[in-house]
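K.L.:
Next one to model:
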Amino acid sequence: MGSQAGYAYNESVNRSTWRSPFEVVYGLHPRGILELRDLHGVDKRSSEAEDFVAVMKDIHQQVKETLQSNVEKYKDMTDKKNIDLQFKVGDFLMAHLKKERILKGKYTKLMMKKIGPYRIGHKFGTNDYEIELPQGVAISPIFNVSDLYPYKPPKKADSEVNKED
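P.N.:
Got it, this is the predicted structure:
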C-alpha cells in the first residue's frame with residue numbers, strides 16, 4: 001500500500017469501532033504529514049522510545065502466538081465435526097432442504113427439512129451428487145455432500161418379526 005493510501009486508511013475512523021485502525025493498535029491518532037518527514041541524519045535516540053518499541057514488539061508477538069493457537073483450536077474443533085461421507089451411484093440417501101432451495105413464498109417453518117429417500121443418479125467429484133427427484137419437484141437435483149445423509153431404513157417392529165416366525 002502506498003504511503004499516502006496507508007496514512008489515509010490508518011487515520012480514517014471505522015464505523016463499527018468509531019476509532020481509526022492506528023488508534024486501536026497504538027492508542028493514539030497517527031502523526032500528521034509534516035511529522036512524518038525524514039529528519040536527515042539526526043542520530044538522537046530516546047530510551048523511552050526504544051522501551052516502547054520493545055514493549056510493542058512483545059505485544060505483537062504475543063498476539064501473533066495467541067491467534068495461531070486459536071486458529072489451531074478452531075481447526076481441531078471443525079475437523080472433529082467434519083465426517084468424510086462418500087456415496088456411490090445407486091445408494092439411497094436423505095437430502096436436507098435449506099430455505100434458499102425452496103421457491104419464494106412456498107417456505108414455511110413447518111415444512112419437512114429432510115426429503116427422501118432418493119437414489120443417487122450421478123456423482124460429480126467428491127462433494128456433489130445428483131439425486132433422482134420425483135417429477136414435478138421444482139428444486140435443483142444437485143446437492144453438496146454436506147446436505148446429504150445416509151438413508152437408514154426403519155427397523156421392523158417386534159410384532160412384525162414375531163409374525164414371520
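K.L.:
make it CA atoms for all contacts and neighbour counts henceforth
P.N.:
OK.
K.L.:
What distance do you get for the residue lying closest to residue 140 once chain neighbours are set aside to residue 4?
P.N.:
Nearest non-adjacent residue to residue 140, counting by C-alpha to C-alpha, 6 or more residues apart in numbering: residue 101, 7.7 Å away. Relative to residue 4, residue 101 is positioned 46 Å away (C-alpha to C-alpha, to the nearest Å).
K.L.:
do residue 94 as well
P.N.:
Residue 94 is 56 Å from residue 4, by C-alpha to C-alpha.
K.L.:
neighbour count winner among these two?
P.N.:
residue 94 (19 against 10; other C-alpha atoms under 10 Å).
K.L.:
if I pick the more buried one, what's in contact with it?
P.N.:
Neighbouring residues of residue 94 by C-alpha atoms under 8 Å, 6 or more residues apart in numbering: 114, 115, 116, 117, 118, 148, 149, 150, 151.
K.L.:
what number of residues lie near residue 100?
P.N.:
8.
K.L.:
Is it part of a helix or strand, or is it coil?
P.N.:
What DSSP: H, G, I helix; E, B strand; the rest coil gives for residue 100 is helix.
K.L.:
and the longest strand seen in the chain, how far out from the chain's middle?
P.N.:
In the chain, taking DSSP state E as the definition, the longest strand is strand 114-124. Put simply, strand 114-124 sits 26 Å off its chain's centre (C-alpha atoms, centre = their mean, to the nearest Å).
K.L.:
Quickly run through the sheet partners of it, with directions.
P.N.:
Strand 114-124 has the following strand partners under DSSP bridges: strand 92-96 (antiparallel), strand 128-131 (antiparallel).
K.L.:
which one of those lies closest to residue 58?
P.N.:
strand 128-131 (46.8 Å; C-alpha to C-alpha).
K.L.:
Could you give the separation of that closest one from the chain centroid?
P.N.:
23 Å.
K.L.:
residues making contact with that strand?
P.N.:
118, 119, 120, 121, 122, 123, 124, 141, 142, 143, 144, 145.
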